[in-house]
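**Q** Provided below are the primary sequence and the corresponding predicted coordinates.
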Amino acid sequence: MLIDVISVRVLPEFQLDLVFKNGERRKFDMRPLLLMKPWSRVATPLLFDRVRVDYGTVVWPGEIDVAPETLYDDSMLQE
C-alpha cells in the first residue's frame, strides 16, 4: 500500500517527524540509513536539515530520497 508523505519536520538525532496522507503522524529514525550510500551524503545536520517533501516522499538535494513505503513501514506511530 502506497501512502504519500504530506509533511516532514526534522527532529533531534536525525529523526524525521512525518505526516502521511492517511492522517497518521509517524517518527522515522534515519540513523541506520545514514551509514549507507547514498544517504551518507546527508549525514551532517547542515545537509540533513534540507529535507523536504516532493512527489509524496522525503527528498534532499542531490536526488537523495527514501521510498514512502520504507518511511511508513519502518516508522513508529506518534500520538
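**A** In hand now; what should we look at?

**Q** so where do the helices sit in the protein?
**A** Here the chain has its helices, by DSSP state H, at 45-48, 68-73.

**Q** what would these look like in CSV with mean neighbour count, mean pLDDT and distance to residue 39?
**A** In short, each C-beta sits where N, CA and C put it, glycine included. Converted to CSV, those look like this (neighbours: other CB atoms under 10 Å; pLDDT from 0 to 100; distance: least, CB to CB, whole Å):
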stretch, mean neighbour count, mean pLDDT, distance to residue 39
helix 45-48, 12, 96, 9
helix 68-73, 17, 95, 11
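
**Q** will you turn those helices into a markdown table that also has distance to residue 56?
**A** Shown next, in a markdown table, are these (distance: least, CB to CB, whole Å):
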| stretch | distance to residue 56 |
| --- | --- |
| helix 45-48 | 20 |
| helix 68-73 | 6 |
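
**Q** can you say which of those helices is nearest to residue 31?
**A** Judged by CB to CB, the one of these that comes nearest to residue 31 is helix 45-48, at 10.4 Å.

**Q** measure residue 77 to residue 64 for me?
**A** Counting by CB to CB, to the nearest Å, the separation of residue 77 from residue 64 is 25 Å.

**Q** neighbour count winner among the two?
**A** residue 64 (18 against 8; other CB atoms under 10 Å).

**Q** so for that one, what's the pLDDT?
**A** pLDDT, residue 64: 97.

**Q** now residue 1
**A** 61.

**Q** how about low-confidence regions in the protein?
**A** Where the chain drops to pLDDT under 70, the residues are 1.
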